[in-house]
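> Predicted coordinates and the sequence they were generated for:
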Amino acid sequence: MPGTEPIDALVVGGGPAGLMAAETLAAADARVLLAEGKPTLGRKLLMAGKSGLNLTKAEPPEAFAAAYTEGGGWLAPILADFGPDAVVAWAAGLGVETFTGSSGRVFPRAMKASPLLRAWTRRLEAQGVAIRTRWRWLGWDGAGVRFATPDGPAALAPRVTVLALGGASWPRLGSDGAWTAILAAEGVPLAPFRPSNVGFAVAWSPAMARHFGAPAKPVRLSAGGESVAAEFVVSARGVEGGGIYALGHRLRDGAPLTLDLVPGRGEAEVAARLARPRGSASLSNHLRRTLGLSPVKIALLRECAPASLGDAQAMARALKALRLPLAGPRPIAEAISTAGGVARSGVDAGLMLRARPGSFCAGEMLDWDAPTGGYLLTACLATGRHAARAAAACLAAGRRGPTE
């Protein structure tokens, strides 16, 4: 039967949290087996890195932790222990040079995930970590852990286990949330999954089709008492992008979205500019000349506030607080990440499952939420490391008890 080799620690899941857990446990001299359900490691990491792998964000610890709209309070000490500076130093240890952009976001100099993943895999192999792919986790059988593998059923008896199975977004890459049924049967408290960092649907008129793919910037977006200066993209399905993601936790709960399409200008100034004689110029040309509005912003004004057209004061009010009618978030399978998962009450200070002593959780399995911008990856790395350190402490103490 496959999987009969003796091991100290089992890590389930080959994403960033699982890889960091395996590295940390191996550094503590544990015999580690890493099991991944897909044919290769880090599939979601590689997909995220296609547009430039955002490792972390260079900002003070308190500001960094504040970006976690859910779970930030209990994650704060974990992030303080392995935050932006530690992520940069860790990447440097893999031979990955990084740089910080004007927004504070930190990227590998190569702007890709594949060199980092290759270096990381080499390090794990050098540490003696046994890597098994196409091993699908089936849950527990008493104290044992069961898998379906290409060679048939496998059963392992690790002294500690770290689960890093991801959330429920991008199921084709492995994060399908199927593990929730197994944990629920064990009595683990779970928060329902909700899409995060996801687009929101808008029922556009045919006139908007020519603007699909166009970014609206600069814009100030507001929802539920929060606002951000950012940009977003108009798509055939609605709106998406950084500004939408940053307010997603508010929009997901039904807060209306308003747009300031002319940030930096007051309503009185906007109205005065619009009141200038336009002669034979079309309204679109007048808006472009007086306010520098892009075609997509003009289209948004026409789409969402047609009654304001032709009146300078009414257009000014609309441009400063344009209500964009959203029809809810796009499906969870389209989300970059998810909120929900294992509730804080279900784990102890070391992220060990209270219902399964000796088993720990890390990464997006845990109930926390954050926008894109380096926060997602840093929390996965930090929780993977934290859970593994607690698991290593259990190994050293020869126990399966609480880590608090």
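The structure has been received and is ready for your questions.
> where along the stretch 251-400 of the chain do the helices fall?
Using DSSP state H, counting those that start in this stretch, the helices assigned to the stretch 251-400 of the chain run over residues 267-274, 283-291, 295-304, 312-320, 375-397.
> So which of the ones you listed is nearest Gly254?
With distances scored as Cβ to Cβ, the stretch of the helices of the stretch 251-400 of the chain nearest to Gly254 is helix 295-304 (18.1 Å). Bear in mind the C-beta positions are built from the backbone N, C-alpha and C, glycine included.
> Dump whichever helix or strand Leu138 is part of to CSV, keeping only the CA atoms.
When elements are defined using DSSP states H and E, Leu138 is found to belong to strand 136-141. Coordinates of each C-alpha in strand 136-141 appear next as CSV, following Å, rounded to 0.1, in the frame of the first residue of the first chain:
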residue,chain,number,x,y,z
ARG,A,136,-6.6,13.4,-2.7
TRP,A,137,-7.3,13.8,1.0
LEU,A,138,-10.3,11.7,2.2
GLY,A,139,-10.2,12.5,5.9
TRP,A,140,-9.4,10.5,9.0
ASP,A,141,-9.8,6.9,10.0
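> What strands flank that strand, and is each parallel or antiparallel?
Taking DSSP bridges as the criterion, strand 136-141 forms sheet pairs with strand 144-149 (antiparallel).
> Buried residues of the strand it pairs with, list them for me.
Within strand 144-149, the residues scored as buried using 16 or more other Cβ atoms under 10 Å are 145-147, 149.
> Equivalent analysis for stretch 317-337, please.
With burial defined by 16+ other Cβ under 10 Å, the residues of stretch 317-337 counted as buried are 317-320, 322, 324, 326, 329-330, 332, 335-337.
> Can you show me the CA trace of that stretch as CSV?
Listed in CSV are the C-alpha atoms of stretch 317-337, where the atom choice follows Å, rounded to 0.1, in the frame of the first residue of the first chain:
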residue,chain,number,x,y,z
ARG,A,317,-23.8,66.1,-8.6
ALA,A,318,-23.8,62.9,-10.6
LEU,A,319,-20.1,63.0,-11.4
LYS,A,320,-19.3,63.4,-7.7
ALA,A,321,-21.6,60.7,-6.5
LEU,A,322,-22.6,58.4,-9.3
ARG,A,323,-24.7,55.4,-8.1
LEU,A,324,-23.6,52.3,-9.9
PRO,A,325,-26.4,49.6,-9.8
LEU,A,326,-24.8,46.3,-8.8
ALA,A,327,-26.6,43.0,-9.1
GLY,A,328,-24.5,41.1,-6.6
PRO,A,329,-21.1,39.4,-6.7
ARG,A,330,-20.0,37.1,-9.5
PRO,A,331,-20.0,33.4,-8.6
ILE,A,332,-17.5,32.1,-6.0
ALA,A,333,-15.7,30.1,-8.6
GLU,A,334,-14.6,33.4,-10.3
ALA,A,335,-13.3,34.9,-7.1
ILE,A,336,-9.7,35.4,-6.5
SER,A,337,-10.2,34.4,-2.8
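> Give me the mean pLDDT for that stretch.
Mean pLDDT, stretch 317-337: 96.
> and that stretch, how far from the chain's centre?
Mean C-alpha position of stretch 317-337 versus that of the full chain (Cα atoms, centre = their mean, to the nearest Å) differs by 18 Å.
> ok, of the buried residues of strand 144-149, which one's closest to Thr24?
Val145 (19.2 Å).
> What residues are bridge-paired with that closest one?
For Val145, the beta-bridge partners are Trp140, Leu156 (DSSP bridges).
> Surely it and Val160 touch.
No - with contacts counted by Cβ atoms under 8 Å, Val145 stays clear of Val160, the gap being 10.7 Å.
> Tell me which of the helices of the stretch 251-400 of the chain sits most buried.
Greatest average neighbour count among the helices of the stretch 251-400 of the chain goes to helix 375-397 (a mean of 25), per mean count of other Cβ atoms under 10 Å.
> right, and Pro329 touches Val202 too?
No - the pair Pro329 and Val202 fails to qualify as a contact (Cβ under 8 Å) at a distance of 11.5 Å.
> which ones are touching the closest residue to Leu353 other than its chain neighbours?
Using Cβ to Cβ, 6 or more residues apart in numbering and skipping the chain neighbours, the partner closest in space to Leu353 is Ser359 (4.9 Å). Contacts here follow Cβ atoms under 8 Å, 6 or more residues apart in numbering; on that basis Ser359 touches 160-163, 352-353.
> ok, now with 7 Å
Ser359 makes contact with 161, 163, 352-353 under the criterion Cβ atoms under 7 Å, 6 or more residues apart in numbering.
> Okay, and the beta partners of Gly238?
Ala201, Ser235.
> That one and Ala327, how far apart?
For Gly238, the distance to Ala327 under the criterion Cβ to Cβ, to the nearest Å works out to 7 Å.
> any common contacting residues for these two?
A shared contact of Gly238 and Ala327, defined by Cβ under 7 Å, 6+ apart, is any residue touching both; here these are 201-202.
> And stretch 30-38, end to end?
Criterion Cα to Cα, to the nearest Å; first-to-last residue distance in stretch 30-38 is 24 Å.
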